[in-house]
Structures are given as C-alpha cells and as structure tokens.
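Undergrad: I'd like to go over a predicted model; first the sequence, then the structure.
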Amino acid sequence: MASILECRNLEKSYDGGRTNALKGVSLSLGKGRIIGLLGPNGSGKTTFIKLINGLLTPEKGELYIGGYPVGEETKRIISYLPEVTYLNKSMRIHQIIDYFRDFYDDFDTTRAYEMLKRLNINPQDRMKTMSKGTKEKVQLIMVMSRNASLYVLDEPIGGVDPAARDYILSTIVSNYNPEATILISTHLIADVEQILDDVIFLKNGNVVMAAQAEDLRKTKGCSIDAVFREVFRC
Ligand SMILES: Nc1ncnc2c1ncn2[C@@H]1O[C@H](COP(=O)(O)OP(=O)(O)OP(=O)(O)O)[C@@H](O)[C@H]1O
C-alpha cells in the first residue's frame with residue numbers, strides 16, 4: 001500500500017530530556033485510510049501530531065510526509081485541526097471562510113457552505129457568540145474543506161454532543177477525497193471506530209499496536225473500544 005507518511009525511530013523529549021514523550025516511533029500511514037491515533041492521557045499523541053505539523057522538532061529519527069521532510073511542502077498538503085481553538089473570536093463565519101480561501105489554494109468554498117448548511121450553522125454568526133460545540137464544528141468544517149493529502153485531527157469531536165457526533169463523522173467521511181488520509185486522535189473510540197480503517201495504539205511514547213480495525217475486531221472478537229480498555233486497563 002502506498003503511504004502518505006513514513007517515520008522511523010522518532011524520538012521527542014521535553015524538559016531537557018527528563019520526559020520522553022516519544023521513544024522511537026516507527027509508522028507508515030497508508031494513502032486513502034482513516035486512521036485512529038489512540039492512547040491514554042500522556043501517551044504522546046499530541047506530541048506526534050505536533051511533529052507532523054512542524055510545531056516541534058524530533059531529537060532523533062526520520063519523518064517524511066508525501067516524500068518530503070517536514071517543511072513548507074508538507075504544510076501545503078496537510079490540513080490540521082489543533083486541540084485548541086485558533087480562529088479569531090470576533091470574526092463572522094463567512095469572514096473566516098474568506099480568510100481560509102485567501103490563505104489556502106486548495107480551499108473549497110462551496111464545500112464549506114454546504115457543510116455549514118448541513119449542520120444548521122448560520123454563516124453570519126460570530127465565533128464569540130457560538131457554543132463550544134458549534135465552534136468546534138466550524139473549525140472542523142474549515143479544516144475538512146481543504147483538498148489536502150493528509151488531514152490531522154486532534155480530538156475533533158470532544159466538545160460536540162453525542163447526537164451531533166455521528167452526523168459530523170459522516171460529514172467528514174462524505175466530504176473528503178477518498179485518496180486522502182485522515183489521522184484522528186481521540187478518546188471517544190466508541191464514537192469514531194465505525195469510520196476507522198486502521199488503528200494505532202500509543203502507550204508511554206511507544207507504538208504498542210498498529211493494525212487494520214476490522215482485523216483487530218475479528219482477532220479479538222470485540223470492538224476497538226473494548227480492545228483499548230483491555231490494553232490500557234488502569
Ligand atoms: N510542553 C511540554 N512540556 C513538558 N512536558 C510535556 C509537554 N507537552 C507534553 N509533555 C509530556 O509529554 C508526554 C506526552 O504528552 P502528549 O501531550 O503528547 O500526550 P497525549 O497522548 O496527547 O495526551 P492527552 O490525551 O492527555 O492529550 C506527557 O508525559 C506530557 O506530560
């Protein structure tokens with residue numbers, strides 16, 4: 001299977017080496033796959049995502065995305081949803097859409113408006129007047145409206161009510177280019193596992209499992225959520 005991301009022996013620590021967040025991670029992410037990056041608090045998910053997006057640099061190892069080392073080329077092909085809200089709170093949604101359209105050549109304005117309509121969000125609304133969940137939806141819509149090769153979503157549905165989660169996930173699946181890859185980091189495994197092709201389990205900075213979701217369910221005879229609870233039992 002052709003890959004969009006390859007990394008070998010990736011290491012990253014904080015506090016001058018006192019906290020080893022990633023301890024030699026080697027992975028290959030296939031093109032056209034929806035991949036769950038799963039692990040308990042502090043396992044290294046956000047650190048890995050920040051390395052992919054060039055917000056941190058590894059101390060050791062190699063990381064290539066679309067064949068390029070992390071840099072300008074890779075930023076162009078990655079659409080990233082960070083954990084925290086970064087959109088200007090005083091802007092109206094249609095202004096945010098204009099901003100994204102100006103900033104990203106691959107931004108699909110029609111798709112953004114269609115997704116807003118589907119989720120019943122008024123483009124005239126200002127970010128600061130919206131609930132946390134609606135803000136998250138808007139941010140996700142902006143990220144998914146780009147025609148990227150790799151979408152990296154850090155906790156995309158954490159603040160969204162359960163009724164809206166399935167709707168959002170189906171919106172993600174139906175609105176993206178099937179040749180692109182989506183990497184989703186989340187704790188809400190039961191909610192997302194229906195759309196996952198592959199899963200990666202991170203534990204204490206190491207990959208403890210990387211498998212196709214369906215194979216794992218068949219081998220273990222239970223859901224990915226149940227496998228996760230077993231592997232990471234406290
Ligand atoms: N800026 C930082 N300074 C020092 N240590 C950090 C920093 N960021 C993360 N860490 C540590 O690195 C390790 C991995 O953290 P990371 O945020 O990558 O985990 P995570 O899997 O994303 O966790 P969560 O699910 O809670 O978001 C943890 O031990 C964490 O305390």
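TA: Right, received. Where do you want to start?

Undergrad: could you use CA atoms for every contact and neighbour count after this?
TA: OK.

Undergrad: let me know the pLDDT of the spatially most central residue of the chain.
TA: Nearest residue to the geometric centre of the chain (Cα atoms, centre = their mean): Leu153, 1.9 Å. Turning to Leu153, the model gives it a pLDDT of 94.

Undergrad: how about the helix or strand where it lies and the ligand, any contact?
TA: Assigned by DSSP states H and E, Leu153 belongs to strand 150-154. No - Strand 150-154 lies out of reach of the ligand by Cα under 6 Å from any ligand atom, never closer than 8.4 Å.

Undergrad: what are the contacting residues of the helix or strand that that strand is followed by?
TA: For strand 150-154, the following helix or strand on the C-terminal side (DSSP H and E) is helix 162-175. Outside helix 162-175, the residues that touch it by Cα atoms under 8 Å, 6 or more residues apart in numbering are Arg111, Met115, Lys137, Met144, Ser145, Ile157, Asp191, Val192, Ile195.

Undergrad: same check on stretch 45-55?
TA: Contacts for stretch 45-55 (Cα under 8 Å, 6+ apart): 12, 21-22, 37-39, 56-58, 63, 65, 70-71, 74-75, 78, 80, 152, 154, 185, 202.

Undergrad: stretch 70-83 now?
TA: With Cα under 8 Å, 6+ apart as the contact definition, stretch 70-83 has outside contacts at 52-54, 63-66, 68, 139-140, 143-144, 146, 148-156.

Undergrad: interface residues of this protein facing the ligand?
TA: Proximity of the chain to the ligand, by Cα under 6 Å from any ligand atom, involves residues Tyr14, Asp15, Ala21, Gly39, Pro40, Asn41, Gly42, Ser43, Gly44, Lys45, Thr46, Thr47.

Undergrad: tilt between the strand or helix carrying the last one and strand 150-154?
TA: Element membership of Thr47, judged by DSSP H and E, is helix 45-52. Taking axes from the mean of the first three to the mean of the last three Cα atoms, to 10 degrees, helix 45-52 and strand 150-154 form an angle of 150 degrees between their directions.

Undergrad: could you point out the helix or strand that follows helix 45-52?
TA: The C-terminal neighbour of helix 45-52 among helices and strands, as given by DSSP H and E, is strand 60-65.

Undergrad: after that following strand, heading C-terminal, what element do we hit next?
TA: Following strand 60-65 in sequence order, the next helix or strand is strand 68-69 (DSSP H and E).
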